[in-house]
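Undergrad: With the sequence up front, the predicted model follows.
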Amino acid sequence: IQWEKQVRSSAQIHRSGGLSVLVTGAAGFVGTHVSLVLKNRGDGVVGLDNFNNYYDPSLKKARKVLLITHNVFVVEGDINDARLLAKLFDVVAFTHVMHLAAQAGVRYAMENPNSYVQSNIAGLVTLLEASRSASPQPAIVWASSSSVYGLNEKVPFSESDRTDRPASLYAATKKAGEEITHTYNNIYGLSITGLRFFTVYGPWGRPDMAYFSFTRNILQGKPITVYRGKNRVDLARDFTYIDDIVKGCVGSLDTAGKSTGSGGKKRGAAPFRIFNLGNTSPVTVPTLVSILERHLKLKAKKNIVDMPGNGDVPFTHANISLARRELGYKPTTDLQTGLNKFVRWYLSYYGYNHGKPV
Ligand code: NAD
């Protein structure tokens, strides 16, 4: 009863025309930011996260505390738990699901393939089943990934480009997710929007990502490993600042169309959309390192090694004209500015003062 009260109160809408959103992966990097922005503009938000230990669980707990202070309740549970999902849809008539829960990271997949199948395929299907059975049916916006472009060599990547050369199991599960969601759109008329995020970074970010672990190692005087592609070409990524990604997520929710109602609309009439959310400005990894060195006022000890072929692709570069046209998506933060915000967050969160722990 207490649990239901907390869920209901968190789902309360405080503006006219507001949304009621179930955010999966709410204690994750992107989930935390999206939840806060939705809540702050008056939407109802309920989080769901299994708080797994893929990376430092204390960072997830700290994000949860941040969410609680903004009246966002995070249910601790798994997207594979069909009964829990049914209960949530029973308690709240969610208009939207922002599905961000996933096993992320490309390299971890080499040692832990099943964890990707479990969350990104089985979990996704369980969530879609719960959504199609819910009344009203929520519109689904979910995170795919730029990794679906795999070893594509044509840049920039457009949504209609080939996605049949995955370089990691992670990429394969995201590509499978696009097919699975398309099926649910065809069969049950679920409204689906898939967002292909390009290397998201910023405050409260993920410790397994390069910009984060480089910052930690540079501050601790430890060496960093910088991968180099074939023929000694530097790797490059279309680094995209978290606030820009959040705007793309919110724009997707706002244009996703509300509930179609079970049987209320002709089969297949609900939208199926896929958008790139990137920055359209790729930066090489050595440039990333030099920006961090400047912000930290410290030199990195670089180990430059050839890419070992463990899931990384040589470069990513988004064409974002579709998202610009349909969602009004317009990234505004360059890497220099965004990394400055990240570094300032990092230093205050981990208690550093002039590059030394306090
Ligand atoms: P994250 O790991 O910080 O967040 C994911 C959250 O989901 C975590 O808090 C985790 O505990 C939770 N979770 C995982 N499996 C779950 C399950 N079975 N049930 C319930 N909760 C579960 O990752 P993020 O960077 O915030 O990524 C969010 C989404 O965006 C993911 O789907 C990811 O694949 C995708 N994505 C991220 C990036 C990026 O650069 N950050 C790029 C492309 C795509």
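TA: Received the coordinates, thanks.
Undergrad: tell me what the host helix or strand of residue 193 is packed against?
TA: Element membership of residue 193, judged by DSSP states H and E, is strand 192-197. In terms of contacts (3 or more Cβ pairs under 8 Å, 6 or more residues apart in numbering; DSSP states H and E), strand 192-197 is packed against strand 139-145, helix 169-188, helix 242-255, strand 272-277. Yep, even glycine has a C-beta here, placed from its N, CA and C like the rest.
Undergrad: check contacts around the nearest residue to residue 257 once chain neighbours are set aside.
TA: Take residue 257 and drop its neighbours on the chain: the residue closest to it by Cβ to Cβ, 6 or more residues apart in numbering is residue 191, 5.1 Å away. Contact partners of residue 191, counting by Cβ atoms under 8 Å, 6 or more residues apart in numbering, are 137, 139-140, 185, 256-257, 260, 270-272.
Undergrad: Write the ChimeraX selection for whichever of the residues you listed are buried.
TA: To isolate the buried members of these in ChimeraX, using 16 or more other Cβ atoms under 10 Å:
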select :137,139,140,185,256,257,260,270,272
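Undergrad: Please enumerate the helices of the stretch 201-350 of the chain.
TA: 210-220, 242-255, 285-296, 321-327, 335-349 (DSSP state H, counting those that start in this stretch).
Undergrad: That should have said the stretch 51-200 of the chain, apologies.
TA: Under DSSP H, counting those that start in this stretch, the stretch 51-200 of the chain gives helices at 57-69, 82-91, 113-116, 123-133, 169-188.
Undergrad: which other residues reach the longest one?
TA: So the one you mean is helix 169-188. Contacts of helix 169-188 (Cβ under 8 Å, 6+ apart): 103-106, 108-110, 113, 116-117, 120-121, 124-125, 128, 131-132, 137, 140, 142, 144-145, 147-148, 150, 163, 166, 190-192, 194, 267-268, 270-272, 274, 311.
Undergrad: Now, of those, which are buried?
TA: 103-106, 108-109, 116-117, 120-121, 124-125, 128, 131-132, 137, 140, 142, 144-145, 147-148, 150, 163, 166, 190-192, 194, 270, 272, 274, 311.
Undergrad: restrict the residues you listed to contacts with the ligand.
TA: Contacts with the ligand within the buried ones among the contacts of helix 169-188, as defined by Cβ under 6 Å from any ligand atom: 103-104, 145.
Undergrad: residue contacts, the residue of the chain found nearest the ligand?
TA: Across the chain, no residue is closer to the ligand than residue 28, which sits at 2.0 Å (Cβ to the nearest ligand atom). The neighbours of residue 28, taking Cβ under 8 Å, 6+ apart as the test, are 49, 60, 63, 100-101, 104, 206.
Undergrad: Please name the nearest non-neighbouring residue to residue 213.
TA: residue 207 is the one closest to residue 213 (Cβ to Cβ, 6+ apart), at 6.5 Å.
Undergrad: Look at the one you found and say how many residues are nearby.
TA: Using other Cβ atoms under 10 Å, residue 207 has 13 neighbouring residues.
Undergrad: For the stretch 201-350 of the chain, list the residues in contact with the ligand, please.
TA: Checking the stretch 201-350 of the chain against the ligand by Cβ under 6 Å from any ligand atom, the hits are residue 206.
Undergrad: Point out where the stretch 201-350 of the chain drops to low pLDDT.
TA: 258-268 (pLDDT under 70).
Undergrad: at 50 what do you get?
TA: 258-265, 267-268 (pLDDT under 50).
Undergrad: so where is the stretch 51-200 of the chain shaky, pLDDT-wise?
TA: Ranges of the stretch 51-200 of the chain meeting pLDDT under 50: none found.
Undergrad: residues in it within reach of the ligand, list them.
TA: 51-52, 60, 78-80, 100-104, 119, 123, 143, 145, 197, 199-200.
Undergrad: which strand residues sit across from residue 272 in the sheet?
TA: Beta-bridge partners for residue 272, by DSSP bridges, are residue 192.
Undergrad: Next up, the contacts around it.
TA: 181-182, 185-186, 191-192.
Undergrad: so how far is residue 257 from it?
TA: 11 Å (Cβ to Cβ, to the nearest Å).
Undergrad: ok, and the closest non-adjacent residue to residue 162?
TA: In space, residue 162 is closest to residue 152, 6.2 Å off (Cβ to Cβ, 6+ apart).
Undergrad: thought the one you found was touching residue 164?
TA: No. Contact between residue 152 and residue 164 fails when scored by Cβ atoms under 8 Å: they sit 9.1 Å apart.
Undergrad: the more surrounded of the two?
TA: residue 152 (19 against 9).
Undergrad: got a list of what the more buried one touches?
TA: 161-163, 165.
Undergrad: now, which of the contacts of residue 272 sits nearest residue 296?
TA: residue 181 (40.6 Å; Cβ to Cβ).
Undergrad: Number of residues surrounding the closest one?
TA: Quick note: residue 181 (other Cβ under 10 Å) scores 23 neighbours.
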